[in-house]
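Participant: how would this look folded up:
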Amino acid sequence: MPIHIKRTATIVKPDQSRVLLRRFNPGDAERAGRIFARIMSLPEEQVGPLVDEVCSEFSQRHRQIRQTFLARFEQIRELLSLDEEVSEQRRLLAGSYFLAEYSLESAALFNPSMVPHPDQTGVPPGALRFVLSLRATGEGHISSITFRTGLVHTGNLVEVEPPVGFLTEPRQVPNPIYEKALFVRKLFELGFHSELTRRVLRRLGESFALAELRASLEAEARRSLLSDGMAHEDQDAAQGIWMLARSNFQVQFEPEQQLSERILFPATPSQRNGIEDARFAHFKNDDGSYCYYATFTAYDGRLIMPQLVETSDFLLFKFITLNGPCAENKGMAIFPRKVNGLYAMLSRQDNENIYLMFSDNVHFWYERKLLLKPAFPWELIQIGNCGSPIETEAGWLVLSHGVGPMRQYCIGAFLLDRDDPSKVIGRLREPLLKPNENEREGYVPNVVYSCGAMVHNGELIVPYGLADHATGFATVPLDEVLAAMQAT
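Facilitator: As a prediction, the model looks like this:
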C-alpha cells in the first residue's frame, strides 16, 4: 500500500537575533582583578554616562538588565573577595563588563520533539496545541534546549507561533531535597562506597537538602585536618558525592515567561559542551496523571552521557542522572507509560543496533535486549530511534533513522507488539522520509532526523530536522503507515 506523506510549508529557521545574556569570564581571578581595577580607576563623572549608554543599547534586548548587572557584580565581588564600598552606578558598570550576549541558535535549530501542550484551553474545535522542543546550536557548537508552541489545526495545518524576543535562563532551585535511599544507590553504582561516604551519609536523614550535604562534607574536611589529612580515596569520594548532588538538580522559570523565552542551557560539567537531542514523552503515571520525561545526551567535549529531565508544566524542570551499565551512549527514548508494570526504554549502546530495556526504577538501567539490526540498503551503517514510541491500536509505532550510502540519514518506522514490545511485528522496507533536493544542504548535508512525532485525528505529525540546520514538518495518515508495515 502506498504512503502519501506530505511536507507542510511550515519551516522553523534559526534566528541569530535571539541572544541570551550569559556570564563572561575573561580568565582567572588575577586577570578579573586587573579588569576590575581598571573599571574602578575610571573618573566618577564618566561612570554614569557609560552606564546610560550600555543600558540604552541593550535594555530592549534583555529583561531587567540593570538587575542582571548588579547580580553579576555581586558574583565578581565574591570571586575577588572585595569588601570596599562601591557606588550603584559603578556596580552596574562593572557587572556589564563581565557579561556577554550568546546567540543561542546562530548555527542551527533542529532535531525537534513534539508533545501535547499541558494547557489546551481556548483551542479551536478539532485542533491541538503542542510544545515543540528543539536543539539550538550556537557559537562553539554548544547545544541547548529551546521551545516553541503551536497548533495542529483541522486539515493538518501546522502552525508554529512566533517566539518572543527575549531569552531567559531559569534560576536554580537553591536547596533541592534528595531521597537518601536513592542517593546512596546512585553513589554505590558510581563506586563511591568508602568509609568517608558512610560517615557523610550517617549525619543525614531519610531526606536531606543540599545545604545539609555540604555541611556534612565540610565536617569531614575539618575532621581530616585534625588527623593526617584526607586520603586520596576519600578525596575522590567527597568529590564524587558533591558531583552527584550537583548533577541532580532543579531549575525554575517564572510563569510570566513565555515558553519560547525559556532556555535550558548546559549547567553542569557533564553538559558543558551541550544538551543534545531531547526526546520528550507525555508520560502517563500509574495514578492516571501525566508528566513529561525527556531523555537527552549530555556532552562535555569528550564524553557523552544519557540523562533525563522531568517536568509537569514546563516551568519546573528536574535534571536526573541515569545509572547502571546500560545507561550509556546516545539515543535513549522512554515509552510513554509503563509496560507490564515496568519502565521501558529504547537505546543504542553499540552505535549500530536498537535495543530494548526494562526497569522498575526510571533512574537505573541494567539489562538490554537486541531488538532490531540494520537490514535495508538505506540503513546499513546504523539504525536508531527517532523519538519515543507512539501507542496505537495496532501496537507501538516507532519512528527510526537509518544511515546509508554517502552518510544519508532517512526516517523509517517499525511496529512493536503492544503487550510484549520485545516482538517486532512490522517494519517499513522503504524510508518514510528521505532528504529531497530542498533539504540536502545545511550544516550536515543529506540528513532528515526527528526526536519525536505525534498522532492527532488519525494523522501522524512528524517534525524533522533539515540537514542539521532548520526544522520542517510532514504529515501522513497513520493507517497508511501501519498498513505498509511488513512482517519481519
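Participant: domains for this protein, by residue range?
Facilitator: Domain assignment for the chain, taken from automatic domain parsing, gives 6-14+251-483, 19-103, 177-247.
Participant: I'd like to know which of these lies nearest to Glu161.
Facilitator: domain 6-14+251-483 (7.3 Å; Cβ to Cβ). All C-beta spots, glycine's among them, are computed from the backbone N, C-alpha and C.
Participant: State the distance spanning the first to the last residue of the closest one.
Facilitator: 17 Å (Cα to Cα, to the nearest Å).
Participant: Now do the buried residues in the helix or strand of the chain with the lowest mean pLDDT.
Facilitator: In the chain, no helix or strand scores lower on mean pLDDT, DSSP states H and E than helix 232-247, which sits at a mean of 88. For helix 232-247, burial by neighbour count (16 or more other Cβ atoms under 10 Å) applies to 234, 237-238, 240-241, 243-247.
Participant: quick one: the helices in this protein?
Facilitator: Counting by DSSP state H, the chain has these helices, from start to end: 29-40, 44-58, 65-80, 88-97, 180-189, 195-202, 210-225, 232-247, 478-483.
Participant: Buried residues of the last one, list them for me.
Facilitator: Buried positions in helix 478-483, judged by neighbour count with 16+ other Cβ under 10 Å: 478, 481-482.
Participant: Mean neighbour count, the domains of the chain: which tops it?
Facilitator: domain 6-14+251-483 (a mean of 19; mean count of other Cβ atoms under 10 Å).
Participant: so for that one, what's the average pLDDT?
Facilitator: Regarding domain 6-14+251-483, the rounded mean pLDDT is 96.
Participant: give me every residue that touches Asp286.
Facilitator: By Cβ atoms under 8 Å, 6 or more residues apart in numbering, the contact set of Asp286 is Lys338.
Participant: Quickly note the distance from it to Lys338.
Facilitator: 7 Å (Cβ to Cβ, to the nearest Å).
Participant: cool, Leu70 as well?
Facilitator: Using Cβ to Cβ, one obtains 48 Å as the distance from Leu70 to Lys338.
Participant: ditto for Phe183
Facilitator: For Phe183, the distance to Lys338 equals 23 Å [Cβ to Cβ].
Participant: Also Ala453?
Facilitator: Remark: distance between Ala453 and Lys338 (Cβ to Cβ) = 21 Å.
Participant: How about Leu308?
Facilitator: Leu308 is 15 Å from Lys338, by Cβ to Cβ.
Participant: just checking, His456 touches Leu128?
Facilitator: Yes - His456 lies in contact with Leu128 (Cβ atoms under 8 Å); the separation is 4.9 Å.
Participant: Now for the two: what residues contact both?
Facilitator: By the contact definition Cβ under 8 Å, 6+ apart, His456 and Leu128 are jointly contacted by Val152.
Participant: Mind listing the residues bridging to Val398?
Facilitator: Phe414 (DSSP bridges).
Participant: shouldn't it be in contact with Met345?
Facilitator: No - counting by Cβ under 8 Å, Val398 sits too far from Met345 to count as a contact (12.0 Å).
Participant: Now Leu42: phi and psi?
Facilitator: Backbone torsions for Leu42, taken as degrees, to the nearest 10, come to phi -60, psi 140.
Participant: Give me the pLDDT for it.
Facilitator: Leu42 is assigned 97 on the pLDDT scale.
Participant: wait, what's in contact with it?
Facilitator: Per Cβ under 8 Å, 6+ apart, neighbours of Leu42: 50, 90, 93.
Participant: got the residues you listed as CSV, with distance to Ala29 and pLDDT columns?
Facilitator: Below are those laid out as CSV (distance: Cβ to Cβ, whole Å; pLDDT from 0 to 100):
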residue, distance to Ala29, pLDDT
Leu50, 24, 98
Arg90, 20, 96
Leu93, 20, 97
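Participant: Tell me what the closest residue to Gln172 other than its chain neighbours is bridged to.
Facilitator: Leaving aside its sequence neighbours, Gln172 sits nearest to Val251 (Cβ to Cβ, 6 or more residues apart in numbering; 5.4 Å). Val251 forms beta bridges with Gln172, Phe317, as assigned by DSSP bridges.
Participant: do the same with Leu372
Facilitator: With DSSP bridges applied, Leu372 shows beta-bridge pairing to Ile354.
Participant: Could you check how far it is from Met485?
Facilitator: Counting by Cβ to Cβ, the gap from Leu372 to Met485 is 13 Å.
Participant: Ser270 now?
Facilitator: Relative to Met485, Ser270 is positioned 38 Å away (Cβ to Cβ).
Participant: so Pro389 makes contact with Ser400?
Facilitator: No - Pro389 is beyond contact range of Ser400, at 10.6 Å (criterion: Cβ under 8 Å).
Participant: so how far is the first residue of stretch 290-309 from its last?
Facilitator: Chord length of stretch 290-309, first to last residue, is 14 Å (Cα to Cα).
Participant: no wait, stretch 164-172
Facilitator: Stretch 164-172 end-to-end distance (Cα to Cα) = 22 Å.
Participant: which parts of it are buried?
Facilitator: 166-170.
Participant: and the spatially closest residue to Pro306 that is not a sequence neighbour, what does it touch?
Facilitator: Excluding its sequence neighbours, the residue lying closest to Pro306 (Cβ to Cβ, 6+ apart) is Met332, at 4.6 Å. Met332 sits next to 279, 295, 306, 322, 345-348 when contact means Cβ under 8 Å, 6+ apart.
Participant: quick one, phi psi at Met332?
Facilitator: Dihedral angles for Met332 - degrees, to the nearest 10 - are phi -80, psi 140.
Participant: One more: Gly331?
Facilitator: Dihedral angles (degrees, to the nearest 10) for Gly331: phi 80, psi 30.
Participant: Please tell me how far it sits from Leu322.
Facilitator: From Gly331 over to Leu322 the distance is 13 Å, taken as Cβ to Cβ.
Participant: Check Asp28 too.
Facilitator: Remark: distance between Asp28 and Leu322 (Cβ to Cβ) = 34 Å.
Participant: and if you look at Asp234?
Facilitator: From Asp234 across to Leu322, the span is 26 Å (Cβ to Cβ).
Participant: same deal with Gly288?
Facilitator: Distance of Gly288 to Leu322, computed by Cβ to Cβ: 25 Å.
Participant: what's near enough to touch the residue nearest to Tyr409 when sequence neighbours are not counted?
Facilitator: Spatially, and ignoring its direct neighbours in sequence, Tyr409 is nearest to Val447 (4.2 Å; Cβ to Cβ, 6+ apart). Contact analysis of Val447 by Cβ under 8 Å, 6+ apart lists 408-409, 435, 465-468.
Participant: do the same with Trp242
Facilitator: If you count contacts by Cβ under 8 Å, 6+ apart, Trp242 has them with 213-214, 217.
Participant: Likewise for Glu261?
Facilitator: So Glu261 contacts 163-164, 166-168 (Cβ under 8 Å, 6+ apart).
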